[in-house]
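K.L.:
the following block contains a protein sequence and its predicted model.
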Amino acid sequence: MALSAALSSAVAAPATTESAESARIPFAERYHATLHGGITRAANSSVTCKAAAGRTTTPCAAAQQGAAGSNGQYRMAAIDVDSDARTDSSSSATLHLPAGSRVRYARLYWGGSLRGNGQRTTGEHGKVLIAGPGGRYREVRADTMTGHRPHSAAAGFQASAEVTELVRSSGGGAYTVARTQQATGRSAAGLWGGWTLVAAYETAKQPLRRIALWDGFQSLDADRRELSVRLSGHGIPVNSRGRAGVVAYDGDRGSGKDTLSVRAGLHRAHTVRDAANPANDVMNSTVTDFGRATLRWPAYRNTLGFDSDVFDITPALHSGGDRLAFRFTTGKPGYLLGALFVQTDTGR
């Protein structure tokens, strides 16, 4: 395919200094703006199943097409969409930007498992390759604290870097991310990996909106069953519209008891759900927009441990409010929460 030919001759661009690491990073605001425009994202998993590790599990091909199955049941292998051995763990997805819009801010998140019985990480998980539409790979290094849990059963990491200039110059279209440095093989806890590119854009053709991007590296498990993220200063008028995107890792399909709710002001909380994400299993290994599949390569319906979903939160905004509160909960076995981005109409 044309994409493979274009990427096979890719070269790396100058990189920034790699970040420090922490096992847990509190959620904090990364970016906010009030503008005519919105926020969008492209995302994909970077590993998938290779074969079932037992005779009683769902076949790998069926799981990829959306059947129930968790990553701990399979031997996992890196995705290689560009067919270049030098750029392992490569996958692509389309970033949709309105015609004539200008990118105000963009950030790339990537993460993966650290320990499996196949290929292990090299310790360079703070850097990655990214190629914009029709372009060549550029090396990007994490420019902020990297989440790093080397000693837990679900050992994993998340790194991120600002890529505003790259996305502003490349525009909308297919982005490919490679060398995410996650482990492969098998682990009883399950192996996972994926990336998300988030972009805030401005265009006079859209309503005035409040945009917020929060991130961190927080585990929800037996030690911590819930996490709340509170966003103030949104000034949401009555009958507003809005959306929220979530990036999470190691959520197992069918495990149940993973929920997300959002409350505007002091009004009743709205439980987030859609056709692809049940109310009691919202971290279920999907990459969707409002319950529908996104444009990406490959487009596995069960990503086996990676979630990057955009939800409609309009029902929560019906009565308006001056702040938003998101509440994440989990049962067993839990998941790792990496980023939250929000777009709401505003009256000022």
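P.N.:
On my side now, so go ahead. What you are looking at is a predicted structure, and each value in this text was computed from that prediction instead of being measured.
K.L.:
buried residues in the longest strand seen in the chain?
P.N.:
Secondary structure of the chain per DSSP state E: the longest strand is strand 25-45. The neighbour-count check on strand 25-45 (16 or more other C-beta atoms under 10 Å) flags 25, 27, 30-32, 35, 37-45 as buried. Where you see a C-beta, it was placed from the backbone N, CA and C, and this is true even at glycine.
K.L.:
next one: that strand to chain centre, how far?
P.N.:
11 Å (C-alpha atoms, centre = their mean, to the nearest Å).
K.L.:
paired strands for that strand, with orientation please.
P.N.:
strand 193-202 (antiparallel), strand 208-220 (antiparallel) (DSSP bridges).
K.L.:
can I get it in CSV, CA atoms only?
P.N.:
Provided in CSV are the C-alpha atoms of strand 25-45 (Å, rounded to 0.1, in the frame of the first residue of the first chain):
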residue,chain,number,x,y,z
ILE,A,25,0.8,10.9,38.7
PRO,A,26,-2.2,12.8,40.0
PHE,A,27,-4.7,14.0,37.4
ALA,A,28,-4.1,17.7,36.6
GLU,A,29,-5.2,20.2,33.9
ARG,A,30,-2.8,20.1,31.0
TYR,A,31,-4.5,22.6,28.7
HIS,A,32,-7.7,24.7,28.6
ALA,A,33,-9.1,27.4,26.3
THR,A,34,-12.4,29.1,25.4
LEU,A,35,-12.6,29.3,21.6
HIS,A,36,-14.8,28.9,18.6
GLY,A,37,-13.9,25.3,17.7
GLY,A,38,-13.5,22.0,19.5
ILE,A,39,-11.3,19.0,20.4
THR,A,40,-10.7,15.8,18.4
ARG,A,41,-8.5,12.8,18.5
ALA,A,42,-7.0,9.9,16.6
ALA,A,43,-6.1,6.6,18.4
ASN,A,44,-5.2,3.0,17.9
SER,A,45,-3.8,0.0,19.7
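K.L.:
helices and strands around the next helix-or-strand element following it, which ones?
P.N.:
Next along the chain after strand 25-45, taking DSSP states H and E as the criterion, comes strand 47-52. Judged by 3 or more C-beta pairs under 8 Å, 6 or more residues apart in numbering; DSSP states H and E, strand 47-52 is in contact with helix 60-64, strand 74-78.
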